[in-house]
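# Mind folding the following:
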Amino acid sequence: QVQLVESGGGLVQAGGSLRLSCAASGRAFRKGWFRQAPGKEREFVAAISWSGGSTRYADSVKGRFTISRDNAKNTVYLQMNSLKPEDTAVYYCAADRGNGLGSEPYSYEYWGQGTQVTVSS
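Model (predicted):
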């Protein structure tokens with residue numbers, strides 16, 4: 001069983017930055033970040049392999065967001081720069097013991113409770 005706890009969300013002005021953290025209680029291989037805005041489906045943001053050597057991003061965040069991990073701390077991060085109002089959503093950390101960099105929610109077994117990110121214009 002893997003438990004995930006996100007932190008770092010908050011309110012920021014457009015153009016600002018936030019860093020989300022996701023601490024895991026157990027060992028998992030790949031990790032990802034998803035987000036869900038009100039009235040919308042949960043969407044993929046970024047994913048990272050166990051070693052951190054491979055990453056994948058949604059086109060909407062490429063060049064602005066960076067996913068990274070510290071396996072010694074069992075923590076994955078999402079650095080978000082140049083934030084836009086359309087980035088406003090609840091951000092979820094996900095983990096799975098599978099291989100590859102899945103971008104579909106069904107490919108992840110474990111989920112955190114989510115952290116709210118609000119970007120004001």
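# Correct me if wrong: Gly9 contacts Val119.
No. Using C-beta atoms under 8 Å, Gly9 is not in contact with Val119, being 10.9 Å away. C-beta coordinates here come from the backbone N, C-alpha and C atoms, glycine included.
# give me the element Val5 is part of.
strand 4-7 (DSSP states H and E).
# got the contact list for that strand?
Contact with strand 4-7 is made by 20-25, 91-95, 110-115, as judged by C-beta atoms under 8 Å, 6 or more residues apart in numbering.
# and the residues you listed, which are buried?
For the contacts of strand 4-7, a burial check counting by 16 or more other C-beta atoms under 10 Å picks out 20-22, 24, 91-95, 110-112, 114-115.
# ok so, going back, report the strands that pair with the strand holding Val5, each with its relative direction.
strand 18-24 (antiparallel) (DSSP bridges).
# which residues sit against the partner strand?
Here strand 18-24 has contacts from 2-10, 12, 31, 33, 73-80, 83, 91, 93, 95, 112, 115, 117, using C-beta under 8 Å, 6+ apart.
# can you tell me the helix or strand for the residue nearest in space to the middle of the chain?
The residue lying closest to the centre of the chain (C-alpha atoms, centre = their mean) is Trp33, at 2.3 Å. Element membership for Trp33 (DSSP H and E) is strand 30-36.
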